[in-house]
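**Q** Got a predicted structure here, sequence first:
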Amino acid sequence: MSSETLAPPLCLPPRTVSSLQRSRQRMAWLLVAPSLLVLLAIAGLPLLRTFWMSLSDAQLADLSSRQFVGLANYIGDSGVLNDPEWWGAVRNTLWFALMSVGMETVLGLGIALMLNHPSRLKTLLRAAVLVPWAIPTVVSAKMWSWMLHDQFGVINAMLLALGLIGEPLAWTADPDLAFVTIVLVDVWKTTPFMALLILAALQMVPSDCYEAARVDGVPTWSVFLNLTLPLITPAVLVAMIFRTLDALRVFDLIYVMTSNSRTTKSMSVYVREQMIDFQLVGYGSAAATLLFLLIALITLCYMALARRRMEGH
């Protein structure tokens, strides 16, 4: 045994520990301060300018001759909050986010579970799955518009050849089909994003857990429900938050495929219509501000519910 004795562990008084914590917090804020300043300049200033413009009657033809109108663009007789088309766009956007994110999460989980199994084609399959996500949204929207064309589209040709429909369907023009079509195209494009994030979470699950479950003879479905799903839930919730934010501000997919159609118009399309088509910059800025506030509110509520659920587990 060595003659050297081990030094007892260093115990710091609570006051010193608290001082160290405050020092680390100050250092952390100093390190993130440059990024916060850049973020404020890039996002905060345009947001403040948009809010300021929403308090005026500015028009696109001449922004310099605007006059202050207060909250008239919000709560006036012809304000955004009194416009039925705005509330229709809000309803469309919320339904779009709910349906698309829900379907993408379920499909992404299934694809991730399949890709997580050992296979010689794993790399090739992962690359193939990511193809829809890699295609720019405008390109994929235009591609699907051609494929879904009621007269020359390949989708109708295939369905007619198989005898599944009796006549060509106007997928993007029929009010009963347009919204569902938009949702399905979005699911096709963004499911790979969910699958990739969930796959990364699956690969972080310790293999020892699966080995122990296999030795104990635990059924596969029980392993998934009681082991896999709880461990990947935090990553799934983060992925759903990202997709919800993206879905709530959807613009390009809907505008390319259905333009300003009332049955599919989202909040972003509504803002663009007011500011560009009608040249009402003040009114459109009010709608854009409401869009930001609504997305922020939904995100905060979603994160609070997700945190409460995680703490409950």
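**A** Sure thing, it's come through.

**Q** okay, CA-based contacts and neighbour counts for the rest of this
**A** Fine.

**Q** so where's the stretch 1-150 of the chain uncertain?
**A** Residue ranges of the stretch 1-150 of the chain with pLDDT under 70: 1-17.

**Q** can you give me the helices for it?
**A** 14-39, 45-53, 72-75, 84-115, 122-129, 131-134, 137-147 (DSSP state H, counting those that start in this stretch).

**Q** Mind putting the ones you listed into a markdown table with distance to residue 303?
**A** Below are the helices of the stretch 1-150 of the chain laid out as a markdown table (distance: least, Cα to Cα, whole Å):
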| stretch | distance to residue 303 |
| --- | --- |
| helix 14-39 | 21 |
| helix 45-53 | 22 |
| helix 72-75 | 27 |
| helix 84-115 | 15 |
| helix 122-129 | 29 |
| helix 131-134 | 25 |
| helix 137-147 | 27 |
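
**Q** Show me the one of those helices that comes nearest residue 240.
**A** Closest approach to residue 240 among the helices of the stretch 1-150 of the chain is made by helix 84-115 (6.7 Å; Cα to Cα).

**Q** Report the angle between that closest one and helix 122-129.
**A** Relative orientation of helix 84-115 with respect to helix 122-129: 170 degrees, computed using axes from the mean of the first three to the mean of the last three Cα atoms, to 10 degrees.

**Q** just checking, what packs against helix 84-115?
**A** Judged by 3 or more Cα pairs under 8 Å, 6 or more residues apart in numbering; DSSP states H and E, helix 84-115 is in contact with helix 122-129, helix 175-202, helix 229-248, helix 267-272.

**Q** Could I get those helices in a markdown table, plus columns for mean neighbour count and distance to residue 215?
**A** Converted to a markdown table, the helices and strands packed on helix 84-115 look like this (neighbours: other Cα atoms under 10 Å; distance: least, Cα to Cα, whole Å):
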| stretch | mean neighbour count | distance to residue 215 |
| --- | --- | --- |
| helix 122-129 | 13 | 26 |
| helix 175-202 | 20 | 20 |
| helix 229-248 | 18 | 20 |
| helix 267-272 | 23 | 53 |
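
**Q** Need the ones you listed in a markdown table (columns: distance to residue 209).
**A** As requested, those are arranged in a markdown table below (distance: least, Cα to Cα, whole Å):
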| stretch | distance to residue 209 |
| --- | --- |
| helix 122-129 | 22 |
| helix 175-202 | 12 |
| helix 229-248 | 11 |
| helix 267-272 | 46 |
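
**Q** between those helices, which one is nearest to residue 39?
**A** The nearest among these, by Cα to Cα, is helix 229-248 at 17.7 Å.

**Q** Contacts made by that closest one with the rest, please.
**A** 93-94, 96-98, 100-101, 105, 194, 197-198, 201-202, 205, 295, 299, 302-303, 306, 310 (Cα atoms under 8 Å, 6 or more residues apart in numbering).

**Q** contacting residues around residue 258?
**A** Contacts of residue 258 by Cα under 8 Å, 6+ apart are 172-173, 178, 264.

**Q** make it 7 Å
**A** residue 172 (Cα atoms under 7 Å, 6 or more residues apart in numbering).

**Q** distance of it from residue 244?
**A** 21 Å (Cα to Cα, to the nearest Å).

**Q** Same question for residue 252.
**A** For residue 252, the distance to residue 244 - Cα to Cα - is 16 Å.

**Q** Geometric centre of this structure: which residue is closest?
**A** With distances taken as Cα atoms, centre = their mean, residue 243 lies nearest the centre of the chain, 2.1 Å away.

**Q** Quick one, grab the pLDDT at it.
**A** Looking at residue 243, its pLDDT reads 92.

**Q** same thing with the one 4 residues further on?
**A** The model reports residue 247 with a pLDDT of 93.

**Q** What segments of the stretch 201-313 of the chain are helices?
**A** 207-215, 220-223, 229-248, 252-258, 267-272, 281-312.

**Q** Mind putting those into TSV with distance to residue 32?
**A** TSV is the format used below for the helices of the stretch 201-313 of the chain (distance: least, Cα to Cα, whole Å):
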stretch	distance to residue 32
helix 207-215	36
helix 220-223	41
helix 229-248	22
helix 252-258	33
helix 267-272	31
helix 281-312	22
